[in-house]
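Chemist: Give the three-dimensional model of this entry:
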Amino acid sequence: LDADNYETDPCLKEIRRAENYSWMDIITIHKDKLPNYEEKIKTFYEEHLHLDDEIRYILDGSGYFDVRDKDDKWIRISMEKGDMITLPAGIYHRFTLDENNYVKAMRLFVGEPVWTAYNRPADDFPARKQYMKFLAEEAQ
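Modeler: Down below sits the predicted model:
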């Protein structure tokens, strides 16, 4: 993807159409740009899940998504300019900046955005149960 030209990038336009990502905004995570920066950083790093997919496209800067594998161990995913990730509903994860302490990211949603994060433990949600079922089937 062409992060420098995300407003006109035909590849991004096609992804948004194909996946029905009808809503988007841009967040800049930096101490001079994000209100309540320290509080937000702590919230992003708290292990949690969402009931919908989390889609992020890095427009500038870098950071890490940590996700849990099937054995409940952390996997660190380095994200930098031009990278896009979809975290499925029900996966435990967290986000942190790297040593650059800056990232600008597009947040994409199907329909209206839902910002609710459910901190671990949140195993009783249908989204979590469906995700665990998916992991079990993939392991076979």
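Chemist: Show the backbone phi and psi for Asp4.
Modeler: phi -70, psi -20 (degrees, to the nearest 10).
Chemist: Give me the pLDDT for it.
Modeler: At Asp4, the model reports a pLDDT of 98.
Chemist: Tell me the buried residues in the lengthiest helix in the chain?
Modeler: In the chain, assigned by DSSP state H, the helix with the most residues is helix 126-139. Buried residues in helix 126-139, defined by neighbour count with 16 or more other C-beta atoms under 10 Å: Ala127, Arg128, Tyr131. All C-beta atoms are positioned from the backbone trio N, CA, C, and that covers glycine.
Chemist: Just the closest of these to Lys81, please.
Modeler: Lowest distance from Lys81 to the buried residues of helix 126-139 (C-beta to C-beta) belongs to Tyr131, with 28.5 Å.
Chemist: ok, now which ones touch that closest one?
Modeler: By C-beta atoms under 8 Å, 6 or more residues apart in numbering, the residues touching Tyr131 are Pro88, Ala89, Gly90, Ile91.
Chemist: top of the residues you listed by neighbour count?
Modeler: When neighbours are counted by other C-beta atoms under 10 Å, Gly90 leads the contacts of Tyr131 with 24 neighbours.
Chemist: Can you give me the distance of the nearest residue to it once chain neighbours are set aside to Leu49?
Modeler: Nearest residue to Gly90, sequence neighbours excluded (C-beta to C-beta, 6 or more residues apart in numbering): Tyr131, at 3.0 Å. Distance of Tyr131 to Leu49, computed by C-beta to C-beta, to the nearest Å: 8 Å.
Chemist: what residues are shared contacts of those two?
Modeler: Ala89, Gly90, Ile91.
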